[in-house]
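[1] Fold the following.
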Amino acid sequence: MAVERLTAIGWGLVTFGILIGLGIVVLDKLSANVGGTANTTIQYVMTQLGSTGLAGWIPVVIVVLIAGLILVMFGGGRGKSY
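    Here you go, the predicted structure:
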């Protein structure tokens, strides 16, 4: 049961990473066609999406999710039966 959850989490993280990558590529192509303040703003958004921003949290999310799965597996997740 935990492996199925881990697989679902893995697919979610892969999808999230692909979306971030596509967003950065699209913004890069857009910044090549605009100038001035718009270009500065696009570069800032690309930085926030990249490793210093949103994508930088992916390792933390992975660790928290795996720790949660381990706690559920060994904590039982089942209440006491009286």
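[2] so Gly23 touches Leu49, yeah?
    Yes. With contact defined as CB atoms under 8 Å, Gly23 reaches Leu49; the gap is 5.7 Å. Every C-beta, even on glycine, is put in place using the N, C-alpha and C of the backbone.
[3] buried ones in the longest helix seen in the chain?
    Secondary structure of the chain per DSSP state H: the longest helix is helix 2-33. Neighbour counts using 16 or more other CB atoms under 10 Å place 9, 20, 23-24, 27, 31 of helix 2-33 among the buried residues.
[4] model confidence over it, on average?
    Helix 2-33 shows a mean pLDDT of 81.
[5] helices or strands next to it in the packing?
    Using 3 or more CB pairs under 8 Å, 6 or more residues apart in numbering; DSSP states H and E, the elements in contact with helix 2-33 are helix 37-49, helix 58-75.
[6] quick revisit: just the buried residues of helix 2-33 now: which is nearest Met73?
    Comparing the buried residues of helix 2-33 against Met73 with CB to CB picks out Ile9 as the nearest, at 13.8 Å.
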